[in-house]
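Visitor: just coords:
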Ligand code: NAD
């Protein structure tokens, strides 16, 4: 393999070191994996304020939001892995079959080997560590590539990994596109990528060169559907919270609303009320609120501001908000009465939402199905028939009925998208499986077996083969 160097770090050498270590890890006890997870847990608990500080510096993420969405999530995931990994890692016997009489068969969950984990900037700590927990639980080594946009977080992740792990087990390589491109040259055993669908395609293309398996946790436009039977107070409070968490920069954030025409005004009023209740007395208070994060950088601020401007130019009413301030990349919660152009095409990834009304659910199905399959689908309804109608017709990675965002933190549900919103699943057992090879093992009996009677010369075996097809395979 050619030598591949970044800032004096010889990537090929590092990779080879991890490859060697990964072979040793294959025979290590689960107890050792748990020790690593406990070490990680202790560091997160001991360094809570450092994590809060790094994310506040990166995009004014409120400390309590960091507690809830970066620290608590990680601790829950570690605890879940600690209590379940023995069970997940155990060989799993499969049912016997008449054609295999006398044999036994099982699945052995073996570590994939050396893994690359690439994280985005929006939940920069959690989305770097969550897959690492699964990688460790499944017995792998890992090279981590945090997002270069949230620089304070990237430095902290490096500090943590340097303190806790030998680089042969876990290492961090910081940097942007070039660094990731160099890393992607290496023949990893698995790549776990979280980020945008566009970059996901680049990752998958690079992985194909080495036939490396991938988990792609991507994004897209997640719709919220509110029918005429919905509890509007609940819907408003859950939509407002899910949309403004992390300033709307959440992969599973509600992206646009499809609302039954008979309840549009009531719902919009209720959402405004909820937003104000959560963040202050009026639109200007959002900027003063220490519970309201900021847009991560100028590029994203400009992108969102211009989507608002385009919508105004298209003649759409701003039902709420629309205030921006470039000094601290502030965009107020904004609801736009319209759904066209970039508002309808791009993943918004900020506190801006388009709205379109419908009169029957067929219209909803047509709109959602005309777009790439979303990461999340939200349905607010009290009608069983309506919920079933939509669930049967709309594909999505994850769904919440009468809630937003929460589905992704359920420990026993898989998390991930479908096609454009992702490939593969993560969290809990599904994360463990993403980093494991399900090795199929057949243990045959000695002497005569069913299959050995079917071997050539076929003249002699013909009668048994006929019997086999007629009796067993019919
Ligand atoms: P991004 O795709 O721009 O970047 C993600 C990572 O890829 C970063 O580490 C970056 O350095 C690297 N990267 C960027 N361009 C690259 C290139 N050309 N070649 C190789 N590597 C490259 O995503 P982002 O802006 O950091 O995050 C936002 C996106 O991530 C949104 O689409 C969001 O929905 C998605 N997301 C998905 C999930 C999920 O779990 N499904 C979670 C969070 C964010």
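Guide: Arrived safely. Please read all numbers here as calculations on a predicted model, not as lab measurements. Numbering: from 1, shown residues only.
Visitor: got the contact list for the closest residue to the ligand within the stretch 251-400 of the chain?
Guide: Among residues of the stretch 251-400 of the chain, the one nearest the ligand by Cβ to the nearest ligand atom turns out to be residue 251. It sits 3.2 Å away. Any C-beta I mention is one placed from the backbone N, CA and C, and that applies to glycine too. Each residue near residue 251 by Cβ atoms under 8 Å, 6 or more residues apart in numbering is listed here: 122, 194, 217-219, 375.
Visitor: tell me, which of those make contact with the ligand?
Guide: Among the contacts of residue 251, the ones lying close to the ligand by the criterion of Cβ under 6 Å from any ligand atom are 122, 194, 217-219, 375.
Visitor: residue nearest the centroid of this structure?
Guide: residue 217 (4.3 Å; Cα atoms, centre = their mean).
Visitor: thinking again about what came up before, out of the contacts of residue 251, who's nearest the ligand?
Guide: residue 219 (1.9 Å).
Visitor: which residues in the stretch 251-400 of the chain form strands?
Guide: Using DSSP state E, counting those that start in this stretch, the strands of the stretch 251-400 of the chain run over residues 256-260, 317-320, 324-325, 330-331, 334-337, 352-358, 376-380, 398-401.
Visitor: looking at the ones you listed, which is buried most?
Guide: Mean neighbour counts were taken over these using mean count of other Cβ atoms under 10 Å, and the top value, a mean of 27, falls to strand 376-380.
Visitor: if you average pLDDT over it, what comes out?
Guide: Mean per-residue pLDDT for strand 376-380: 98.
Visitor: Is any residue of that strand near the ligand?
Guide: No: applying Cβ under 6 Å from any ligand atom, one finds strand 376-380 out of contact with the ligand, separated by at least 9.1 Å.
Visitor: relative to strand 256-260, how tilted is that strand?
Guide: What separates the directions of strand 376-380 and strand 256-260 is an angle of 30 degrees, with axes from the mean of the first three to the mean of the last three Cα atoms, to 10 degrees.
Visitor: Now render the strands of the stretch 251-400 of the chain as JSON lines, adding distance to residue 437.
Guide: As requested, the strands of the stretch 251-400 of the chain are arranged in JSON lines below (distance: least, Cβ to Cβ, whole Å):
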{"stretch": "strand 256-260", "distance to residue 437": "39"}
{"stretch": "strand 317-320", "distance to residue 437": "50"}
{"stretch": "strand 324-325", "distance to residue 437": "49"}
{"stretch": "strand 330-331", "distance to residue 437": "45"}
{"stretch": "strand 334-337", "distance to residue 437": "46"}
{"stretch": "strand 352-358", "distance to residue 437": "42"}
{"stretch": "strand 376-380", "distance to residue 437": "29"}
{"stretch": "strand 398-401", "distance to residue 437": "25"}
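Visitor: Out of the ones you listed, flag the one nearest residue 20.
Guide: Nearest to residue 20, of all the strands of the stretch 251-400 of the chain, is strand 398-401, at 38.1 Å by Cβ to Cβ.
Visitor: quick one: strands adjacent to that closest one?
Guide: Applying DSSP bridges to the sheet, strand 398-401 is found paired with strand 376-380 (parallel).
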